[in-house]
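J.: structure of the sequence below:
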Amino acid sequence: MSGKNQHVVPNKNGGWNVKGEGNSKSTLHTDTKAEAVKAGREFSINQHSELVIHGRNGQIQNKDSHGHDPHPPKG
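T.: As a prediction, this is how the structure comes out:
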């Protein structure tokens, strides 16, 4: 069974948060986006879920699937 998707999101007071999808509190706070992405990737690998990386404006910049992908790329 897959865990919650992990989101890397900007913190309004500075830095970056890693939050499980649907959680009101963040799992981890870091100073840099790179640290948050690295930790979020580890969480999503362990939980066989998807990592969703957001930009400073909140828009999704990238996704990385570590679980069952219902639509894998062809080729």
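
J.: surely G40 is in a strand?
T.: No: applying DSSP: H, G, I helix; E, B strand; the rest coil, one finds G40 to be helix, outside a strand.

J.: number of nearby residues for it?
T.: As a burial measure, G40 scores 28 neighbours (other CB atoms under 10 Å). Heads up, the C-betas are built off the backbone N, CA and C, glycines and all.

J.: repeat for Q61
T.: Residues near Q61, counting by other CB under 10 Å, number 12.

J.: so it makes contact with I53?
T.: Yes: between Q61 and I53 there is a contact at 5.2 Å, judged by CB atoms under 8 Å.

J.: which residues of the chain score low on pLDDT?
T.: In the predicted model of the chain, residues 1-2, 67-73, 75 satisfy pLDDT under 70.

J.: what about stretch 21-33, start to end distance?
T.: Stretch 21-33 stretches 18 Å from its first residue to its last (CA to CA, to the nearest Å).

J.: list of residues touching it?
T.: By CB atoms under 8 Å, 6 or more residues apart in numbering, the residues outside stretch 21-33 that reach it are 4-9, 11, 14-20, 36, 39-40, 43, 52.

J.: separate out the buried members of these.
T.: 4-9, 16-20, 36, 39-40, 43, 52 (16 or more other CB atoms under 10 Å).

J.: in strands, which of these fall?
T.: Counting by DSSP state E, the buried ones among the contacts of stretch 21-33 place 6-9, 16-20, 52 in strands.

J.: tabulate those (JSON lines), appending distance to S26.
T.: Formatted as JSON lines, these follow (distance: CB to CB, whole Å):
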{"residue": "Q6", "distance to S26": "10"}
{"residue": "H7", "distance to S26": "9"}
{"residue": "V8", "distance to S26": "10"}
{"residue": "V9", "distance to S26": "8"}
{"residue": "W16", "distance to S26": "9"}
{"residue": "N17", "distance to S26": "4"}
{"residue": "V18", "distance to S26": "6"}
{"residue": "K19", "distance to S26": "5"}
{"residue": "G20", "distance to S26": "9"}
{"residue": "V52", "distance to S26": "14"}
